[in-house]
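Peer 1: mind looking at a prediction? Sequence and model below.
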Amino acid sequence: MPSHDVLVIGAGLAGQRAALAAAEEGVSVGIISKVHPVRSHSNAAQGGINAALNPGDSWESHAFDTIKGSDYLGDQDAVEVMTREAPEEILHLEHLGVTFHRNEEGKLGTRAFGGASAARTYYVADITGQAIMHVLYEQLMKYSEQIARYEEWFCSSLALDENGECCGVVTRNVADGQMELFEAKSVILCTGGNGQVWRPTTNALICTGDGIAMAYRAGAKLMDMEMIQYHPTTLAGKGFLITEGARGEGAHLLNANGERFMEKYAPNKMELASRDVVSRAEQTEINEGRGFPDGTVALDITVVPKKRVHEALREIVLVGRDFAGVDITREPIHIKPGNHYTMGGVKTDIDGRTDIPGLYSAGETACVSVHGGNRLGANSLLDTLIFGKRSGRDAAARAKRNDYSRPSKKVLEDEENLAADLMSREKGSGRRISEIKLELGQTMDGKVAVFRDEAGIQEALEIVKRLKEEAKTAYIDDHGSVFNQDLIAAIELGYMLDNAECTCVAALERKESRGAQYRTDYPERNDEEWLKHIDLERTDDGPELSYSEVTITQWEPQERTY
């Protein structure tokens with residue numbers, strides 16, 4: 001039985017940062033990823049990372065922008081931690097070798113991002129996530145004696161001891177199908193978000209809500225699951241992301257009449273209002289008939305100097321050419337709001353601790369909550385690094401204090417039986433996994449998206465419950481053991497359905513409009529009744545609801561305008 005003091009599940013930015021922080025504390029670390037670490041979804045982060053590093057800026061300004069962006073649902077103690085520690089983390093990354101953009105003076109240069117009162121987004125062209133991730137992976141090599149890497153191992157269940165403390169995880173070696181029970185004194189979930197629950201999405205195929213579902217099944221609370229961010233600029237039908245950096249460089253949003261419509265919705269910030277505001281504005285233009293026949297509006301990047309586009313937005317030039325047949329330096333590209341990010345997740349404190357002793361979480365899997373009802377662009381990379389680091393350190397400290405406790409072998413047997421059951425189903429015994437995934441994605445995108453109402457969410461919830469039943473008899477085609485992605489997809493489907501059910505239940509419960517939760521039947525924000533988090537806990541009858549207070553330190557809720 002492999003054992004490590006600290007076991008990190010997921011090897012994107014949060015996972016790698018957590019593993020490095022734990023290793024620096026002198027404990028043994030295992031990092032497990034279902035793909036090669038540099039193929040993690042942190043690759044997709046394009047625009048940059050926020051920090052109040054310039055002399056004229058302040059962490060207080062960054063914190064207020066974040067809290068206002070969250071529609072006052074963000075916990076202000078956590079936001080203070082993130083924004084205070086941001087400048088030091090940027091300098092740490094730069095010293096490790098991240099090649100951030102520099103201005104003519106040779107100093108670190110910034111770009112403007114939505115909802116920010118200062119240009120505080122540091123970036124590497126439009127590949128910032130990829131650039132940081134490769135540098136952190138180099139650091140994993142540096143600590144190779146302390147950090148064991150389990151690349152292309154898939155985790156399917158957390159293991160608890162007789163006291164209800166997390167002490168390991170069941171894994172499957174993707175290469176040969178071997179299943180192992182790993183022991184650990186602390187486990188950190190950094191498996192990313194759940195974007196594949198929606199279709200289309202900007203998220204990679206691997207973003208199936210694994211960690212959120214595993215924690216939920218083990219008894220951990222989830223929080224703010226109704227808060228799902230739709231990014232304003234994605235390619236219709238495909239879901240590919242067009243970075244917010246394009247608007248940061250000065251691109252305009254236009255409707256089919258050629259009008260720069262953000263003047264109506266956010267006259268002060270225009271295209272750089274917060275993401276929920278811009279997405280609703282675009283969807284309103286489309287719904288009211290001022291969009292293009294393909295159900296889109298246009299992003300006009302031709303107003304940005306061509307030299308600057310090729311310098312700062314080179315990947316978007318390629319995406320436009322290869323997937324839309326558009327030269328963005330010469331003509332506008334058609335875009336629409338698309339699923340992008342979950343602000344909710346596993347409920348944690350500022351050190352990544354969940355309510356299960358020994359279990360931690362960081363990054364998009366976790367809900368600290370620094371994003372509340374709406375995340376500001378370029379705060380996600382910051383979230384992964386700050387809370388990845390803090391969870392790694394705290395998990396290492398816990399490991400030093402505790403001995404190993406034996407996980408029950410039954411958890412491994414249960415997962416082996418699940419795999420055997422899936423393998424034994426005959427072709428035609430039920431629906432195909434891919435059919436269920438498609439119906440789930442289209443349902444959630446149609447009913448639980450930019451605009452929502454009770455009837456639509458209730459319909460989505462009923463469909464999700466039916467799909468959960470159909471998943472019990474769904475069959476797979478591949479019955480082999482080598483790289484059986486069919487089997488993994490079937491297990492992931494279970495995760496996705498749990499995530500979808502929790503999102504629908506929470507969205508139904510929150511009878512107001514706040515951040516990404518816009519209820520057309522409750523169009524106003526209602527602080528008196530709903531300035532609180534919705535928590536969810538698993539029961540035999542489905543998610544059980546409870547509430548927790550929003551932590552307010554110094555910024556009282558006020559009307560949110562841009």
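Peer 2: Great, that's in hand. Numbers count the residues shown, from 1 in each chain.
Peer 1: so what's the residue lying closest to E263 once chain neighbours are set aside up against?
Peer 2: Nearest residue to E263 in three dimensions, chain neighbours excluded: M270, at 6.8 Å (CB to CB, 6 or more residues apart in numbering). Where C-beta positions appear, they are placed from N, C-alpha and C, glycine not excepted. Contact partners of M270, counting by CB atoms under 8 Å, 6 or more residues apart in numbering, are R260, M262, E263.
Peer 1: and the top helix by length along the chain, how far out from the chain's middle?
Peer 2: Using DSSP state H to define each element, the chain has its longest helix at helix 485-509. The chain centre lies 15 Å from the centre of helix 485-509; the measure is CA atoms, centre = their mean, to the nearest Å.
Peer 1: related to what we said a few turns ago, of the contacts of M270, closest to I301?
Peer 2: R260 (13.7 Å; CB to CB).
Peer 1: okay, the closest one: pLDDT?
Peer 2: pLDDT recorded at R260 is 97.
Peer 1: ok, and the closest non-adjacent residue to R452?
Peer 2: Nearest one to R452, counting by CB to CB, 6+ apart, is R519 at 5.5 Å.
Peer 1: assign A159 to helix, strand or coil.
Peer 2: Under DSSP: H, G, I helix; E, B strand; the rest coil, A159 falls in the strand class.
Peer 1: so it makes contact with E180?
Peer 2: No. In this structure, A159 is not within contact of E180 by CB atoms under 8 Å, at 11.1 Å.
Peer 1: when those two are compared, which one has more neighbours?
Peer 2: A159 (25 against 16; other CB atoms under 10 Å).
Peer 1: show me the contacts for that one.
Peer 2: A159 touches C166, C167, G168, V169, V170, L181, P407, S408, V411, L412, counting by CB under 8 Å, 6+ apart.
Peer 1: may I see those residues arranged in TSV, with neighbour count and secondary structure as well?
Peer 2: Listed next are these as TSV, based on neighbours: other CB atoms under 10 Å; DSSP: H, G, I helix; E, B strand; the rest coil:
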residue	neighbour count	secondary structure
C166	28	strand
C167	28	strand
G168	30	strand
V169	27	strand
V170	23	strand
L181	22	strand
P407	24	coil
S408	15	coil
V411	19	helix
L412	21	helix
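Peer 1: which one of the residues you listed is nearest to F292?
Peer 2: V169 (47.5 Å).
Peer 1: burial check on the residue nearest to R102 when sequence neighbours are not counted, number of neighbours?
Peer 2: Nearest in space to R102, with sequence neighbours left out and distances taken as CB to CB, 6+ apart, is G109 at 5.6 Å. Applying other CB under 10 Å, we find 16 residues neighbouring G109.
Peer 1: same thing with the one 10 residues further on?
Peer 2: Counted with other CB under 10 Å, the burial measure for A119 works out to 14 neighbours.
Peer 1: same check on D540?
Peer 2: 5.
Peer 1: re the thing from before, closest one of the contacts of A159 to L222?
Peer 2: C166 (15.8 Å).
Peer 1: what's across from that closest one in the sheet?
Peer 2: Taking DSSP bridges as the rule, C166 bridges to L160.
Peer 1: can you give me the strands in the stretch 401-550 of the chain?
Peer 2: Secondary structure of the stretch 401-550 of the chain, counting by DSSP state E, counting those that start in this stretch: strands at 532-539, 542-549.
Peer 1: tell me which of those strands sits most buried.
Peer 2: Of the strands of the stretch 401-550 of the chain, the one with the most neighbours on average (mean count of other CB atoms under 10 Å) is strand 532-539, at a mean of 19.
Peer 1: who does it pair up with?
Peer 2: Under the rule (DSSP bridges), strand 532-539 has strand 222-223 (antiparallel), strand 542-549 (antiparallel) as partners.
Peer 1: can I get those strands in a markdown table including mean pLDDT?
Peer 2: A markdown table is the format used below for the strands paired with strand 532-539 (pLDDT from 0 to 100):
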| stretch | mean pLDDT |
| --- | --- |
| strand 222-223 | 98 |
| strand 542-549 | 97 |
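Peer 1: how near is R172 to G325?
Peer 2: Applying CB to CB, to the nearest Å, the value for R172 to G325 is 41 Å.
Peer 1: so which of these two has more stuff around it?
Peer 2: The residue with more neighbours, out of R172 and G325, is R172; 24 against 8, by other CB under 10 Å.
Peer 1: the stretch 251-400 of the chain: helices as residue ranges?
Peer 2: 262-265, 275-287, 306-312, 314-324, 380-401 (DSSP state H, counting those that start in this stretch).
Peer 1: and V8, bridged to which residues?
Peer 2: Going by DSSP bridges, V8 is paired in beta bridges with I31, I188.
Peer 1: so it touches S28, yeah?
Peer 2: No. Counting by CB under 8 Å, V8 sits too far from S28 to count as a contact (11.6 Å).
Peer 1: more neighbours, the two?
Peer 2: V8 (35 against 19).
Peer 1: can you pull the pLDDT of the more buried one?
Peer 2: For V8, the pLDDT comes out at 98.
Peer 1: on that earlier part again, okay, and the common contacts of A159 and E180?
Peer 2: V170, L412.
Peer 1: thinking again about what came up before, need the contacts of M270 in JSON lines with neighbour count and distance to G195, can you?
Peer 2: Shown next, in JSON lines, are those (neighbours: other CB atoms under 10 Å; distance: CB to CB, whole Å):
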{"residue": "R260", "neighbour count": "13", "distance to G195": "29"}
{"residue": "M262", "neighbour count": "24", "distance to G195": "25"}
{"residue": "E263", "neighbour count": "9", "distance to G195": "31"}
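Peer 1: now those residues as CSV including distance to L53?
Peer 2: Shown next, in CSV, are those (distance: CB to CB, whole Å):
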residue, distance to L53
R260, 32
M262, 28
E263, 32
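Peer 1: which one of these is nearest to V450?
Peer 2: Nearest to V450 out of the contacts of M270 is M262 (CB to CB; 15.5 Å).
Peer 1: from the chain's centroid, how far away is stretch 436-452?
Peer 2: Taking CA atoms, centre = their mean, the mean C-alpha location of stretch 436-452 is offset from the chain mean by 17 Å.
Peer 1: please apply the same query to stretch 526-541.
Peer 2: Using CA atoms, centre = their mean, the offset of stretch 526-541 from its chain centre is 20 Å.
Peer 1: alright, calling it a day.
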